[in-house]
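Undergrad: model the following, please.
(4 chains)
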2 protein chains.
Amino acid sequence: MHTLSKNQQIIFDIIDKSPEPMKAYSILFNVQKKGIKAPLQVYRALDKLVEIGKIHKIESRNAFIACQNSSCQVSKATAFSICESCEKVTEINNSSLSKYLSNFKDKAGMKYSKYNLEFFGLCKKCTTK
Amino acid sequence: MHTLSKNQQIIFDIIDKSPEPMKAYSILFNVQKKGIKAPLQVYRALDKLVEIGKIHKIESRNAFIACQNSSCQVSKATAFSICESCEKVTEINNSSLSKYLSNFKDKAGMKYSKYNLEFFGLCKKCTTK
DNA sequence: ATTTAAATGTTATAATATAACACTATGTAA
DNA sequence: TTACATAGTGTTATATTATAACATTTAAAT
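TA: Alright, predicted model coming up:
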């Protein structure tokens, strides 16, 4: 198991507490009182946290959320649902989906070591509005 | 069917001819001799081309490729394979995959109108190196 | 012909991300 | 416990990606 460094812990905590994905400069703004002053300090921690699977990047939003899947040590198979109205993002944890995708082979026989899937739609709340 | 405007056509052509995904500022550099001078002119064309499905954005790379699926008018179900060594990107056109994903419902019953999937691995060439 | 929507041109600026370099802390193995 | 390697930090500067705002032009649809 990984012990987080000081900056990594600070930045993980703020992402973990956030109800929505956080952007790098919003994180920066929020941790300046803790002595983290420069973008690079944030990006370095983000890179590491992504690498070890504690957080994931929502690519379509350039934003980061804490991993919701406690058993997920390394980030190599991720799926998210994104509401295009309220921007709520949820990590999808569905074994049928992950099995299907992990075993997927394309026609060229290429086997994949990693994937990221982002679904878009309207969440329940936004559908009934 | 859509008729592309002058800028849209110029920018689509250069992406379509490219063997690899193109980044916005690389596109800009390449079309400056055609009179397109500003980033915004490029981004506006890109937005429209994505909207009508002529090109797709590779989110993890901030780059754009022409749609390889001639029947695809609107961009709402996309899947790509990305080689992490040579950065070759291929659009995946697999009806089993697209059926599976188009019908996927999460536990909350949310039905999705759109998805984007990016697989990462090593292409055949890079595997044998 | 007139109106409306879409596209263009332009300047400025916002937002996202990395390069380079000097230094510090931590873990590991002799 | 010292030395060595690896990972993390701090800092300044800069690169890359993307949008705001506004004036004008073109195309399409009555």
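
Undergrad: could I get the lengthiest strand in chain A in PDB with only the CA atoms?
TA: In chain A, with assignment by DSSP state E, the single longest strand is strand A:112-121. Listed next in PDB are the C-alpha coordinates belonging to strand A:112-121 (Å, rounded to 0.1, in the frame of the first residue of the first chain):
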ATOM      1  CA  TYR A 112      -5.900  -3.600 -24.400                       C
ATOM      2  CA  SER A 113      -4.300  -2.900 -21.100                       C
ATOM      3  CA  LYS A 114      -6.500   0.000 -20.200                       C
ATOM      4  CA  TYR A 115      -9.700   1.800 -21.100                       C
ATOM      5  CA  ASN A 116     -11.700   4.800 -20.200                       C
ATOM      6  CA  LEU A 117     -15.400   5.100 -20.900                       C
ATOM      7  CA  GLU A 118     -17.600   8.200 -20.500                       C
ATOM      8  CA  PHE A 119     -21.400   8.000 -20.900                       C
ATOM      9  CA  PHE A 120     -23.400  11.200 -21.400                       C
ATOM     10  CA  GLY A 121     -27.000  11.700 -20.700                       C
END
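
Undergrad: tell me if stretch A:121-129 is near chain B.
TA: Yes. Contact of stretch A:121-129 with chain B (C-beta under 8 Å from any C-beta of the partner chain) involves A:121-124. In this view, the C-beta of every residue, glycine as well, is placed from N, C-alpha and C.

Undergrad: and residue A:110, what's its pLDDT?
TA: Looking at residue A:110, its pLDDT reads 81.

Undergrad: against DNA strand C, how distant is it?
TA: The gap separating residue A:110 from DNA strand C is 25 Å, by C-beta to the nearest atom of the strand, to the nearest Å.

Undergrad: measure how buried that residue is and give me the count.
TA: 19 (other C-beta atoms under 10 Å in any protein chain shown).

Undergrad: pretty sure it contacts residue B:82?
TA: No. Using C-beta atoms under 8 Å, residue A:110 and residue B:82 do not qualify as a contacting pair, with a distance of 10.2 Å.

Undergrad: now residue A:42, nearest residue through space, not along the chain?
TA: Spatial nearest neighbour of residue A:42, excluding adjacent residues (C-beta to C-beta, 6 or more residues apart in numbering or on different chains): residue A:28 at 4.9 Å.

Undergrad: okay, now the one you found: neighbour count?
TA: Counted with other C-beta under 10 Å, residue A:28 comes out at 19.

Undergrad: let me see the contact set for it.
TA: Taking C-beta atoms under 8 Å, 6 or more residues apart in numbering or on different chains as the criterion, residue A:28 is in contact with A:36, A:38-39, A:42.

Undergrad: same question for residue A:15.
TA: A:22, A:27, A:49, A:55, A:64-66.

Undergrad: run a quick neighbour tally on residue A:96.
TA: 9.

Undergrad: in the helix or strand bottoming out on mean pLDDT in chain A, what counts as buried?
TA: The weakest-scoring helix or strand in chain A, judged by mean pLDDT, DSSP states H and E, is helix A:124-127 (a mean of 89). The neighbour-count check on helix A:124-127 (16 or more other C-beta atoms under 10 Å in any protein chain shown) flags nothing as buried.

Undergrad: how far off centre is that helix?
TA: Distance of helix A:124-127 from its chain centroid, counting by C-alpha atoms, centre = their mean, to the nearest Å, is 22 Å.

Undergrad: same for that helix, what does it pack against?
TA: Contacting helix A:124-127 under the criterion 3 or more C-beta pairs under 8 Å, 6 or more residues apart in numbering or on different chains; DSSP states H and E is no other helix or strand.

Undergrad: can you map out the helices along chain A?
TA: Per DSSP state H, chain A carries helices over the ranges A:6-17, A:24-31, A:39-51, A:95-102, A:124-127.

Undergrad: can I get the ones you listed in CSV including distance to residue A:88?
TA: Listed next are these as CSV, based on distance: least, C-beta to C-beta, whole Å:
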stretch, distance to residue A:88
helix A:6-17, 16
helix A:24-31, 17
helix A:39-51, 21
helix A:95-102, 19
helix A:124-127, 8
